[in-house]
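Trainee: my questions are about this predicted structure, shown below with the sequence.
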Amino acid sequence: ILNVEQSPQSLHVQEGDSTNFTCSFPSSNFYALHWYRWETAKSPEALFVMTLNGDEKKKGRISATLNTKEGYSYLYIKGSQPEDSATYLCAFNDYKLSFGAGTTVTVRA
Amino acid sequence: GAGVSQSPSNKVTEKGKDVELRCDPISGHTALYWYRQSLGQGLEFLIYFQGNSAPDKSGLPSDRFSAERTGGSVSTLTIQRTQQEDSAVYLCASSLEFRDSYGYTFGSGTRLTVV
C-alpha cells in the first residue's frame, strides 16, 4: 500500500481568497500523479494528470505543481468561489491509483 | 455510453444477504477499477481489470468479495454474506488504457447500506 498523504484535511476559505494545499507521495518509481475534484453527490472528476518533475498545470482558477524528486504536489485555487467547495483528492499512479484521504475545501460567501 | 454508469445508485440490504453491484464503463475503455469509500475513510482500491489480463484482486478485503468483467465491458462486484462493515460507497472507474494520461472517469457510485 503506497503512502499518499494530503494536508490539511479540511479548510475554510472566504470567497475571493486564494488557497493551496499539499499532497505528498513516494518519490521512488514515480510515474504520474493525479488530482481529482469530488463534489457532494457527484462522481470524482479528473483535474490534472502530472508526469514531469517541475510540471505546472492550470485549469481556470485552479493550478497544480509537481516535485517528483521530493515527492510533493501543490494544488492552488485562486480567487475561491462557492462552486470550488469540494473534496480534492490526489492519487499516485503506479499501475492503479492510490488515493490520499483528500482535502475538503469549503468556500464561504 | 457517454459516461460510466453504475447501478443501483442506492442499495439497502440485510446483514447476511448477497448483493451485486454493476458497472458499465465507457465504451472502448480497456481498464476498469473498483474502489470504495467507507464513512470517514479515503478511497480504497478493490480490484482492477485490464483488457484480457488476469485481474488484480489485491485490494479485495475478504473472500466474500468477488468481481468479474464480461466481454471486456460490464463488470459486476459481488459481496456475499454482507456485514455492516461493508457499508460504503462503491465507485467504479474506467480509463482508455493502463496508465491513461487523461485520468480515470468515475461513475456516480452505489451507496450500500447493510442493516
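Mentor: Cool, got the structure.
Trainee: return the list of strands paired to the helix or strand of chain A with the lowest mean pLDDT, each annotated with direction.
Mentor: Among the helices and strands of chain A, strand A:97-99 carries the lowest confidence by mean pLDDT, DSSP states H and E, at a mean of 90. Using DSSP bridges, strand A:97-99 pairs in its sheet with strand A:86-93 (antiparallel).
Trainee: if we can go back for a sec, tell me the helix or strand right after the least confident helix or strand of chain A.
Mentor: For strand A:97-99, the following helix or strand on the C-terminal side (DSSP states H and E) is strand A:103-108.
Trainee: list the contacts for B:Gly51?
Mentor: By C-beta atoms under 8 Å, 6 or more residues apart in numbering or on different chains, the residues touching B:Gly51 are B:Thr30, B:Ala31, B:Gly72. Bear in mind the C-beta positions are built from the backbone N, C-alpha and C, glycine included.
Trainee: distance of it relative to B:Thr70?
Mentor: 13 Å (C-beta to C-beta, to the nearest Å).
Trainee: next: B:Ser9.
Mentor: From B:Ser9 to B:Thr70 the distance is 21 Å (C-beta to C-beta).
Trainee: coming back round to it: make a markdown table from the contacts of B:Gly51 and add secondary structure and neighbour count to it.
Mentor: Below are the contacts of B:Gly51 laid out as a markdown table (DSSP: H, G, I helix; E, B strand; the rest coil; neighbours: other C-beta atoms under 10 Å in any protein chain shown):
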| residue | secondary structure | neighbour count |
| --- | --- | --- |
| B:Thr30 | coil | 17 |
| B:Ala31 | strand | 21 |
| B:Gly72 | helix | 15 |
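Trainee: quick one, strands of the chain?
Mentor: Since no chain was named, I'll use chain A. Assigned by DSSP state E, the strands in chain A fall at A:5-7, A:10-14, A:19-24, A:32-38, A:45-50, A:56-59, A:62-67, A:72-77, A:86-93, A:97-99, A:103-108.
Trainee: please refer instead to chain B.
Mentor: Using DSSP E, the strands of chain B run over B:5-7, B:10-13, B:19-24, B:31-37, B:43-50, B:65-69, B:75-79, B:88-95, B:105-106, B:110-114.
Trainee: so what's B:Ser5 up against?
Mentor: Going by C-beta under 8 Å, 6+ apart, B:Ser5 touches B:Cys23, B:Asp24, B:Gly107.
Trainee: contact partners for the last one?
Mentor: Listed by C-beta under 8 Å, 6+ apart, the contact partners of B:Gly107 are A:Ser43, B:Gly3, B:Val4, B:Ser5, B:Gln6, B:Cys23, B:Leu91, B:Cys92, B:Ala93.
Trainee: no more questions from me, cheers.
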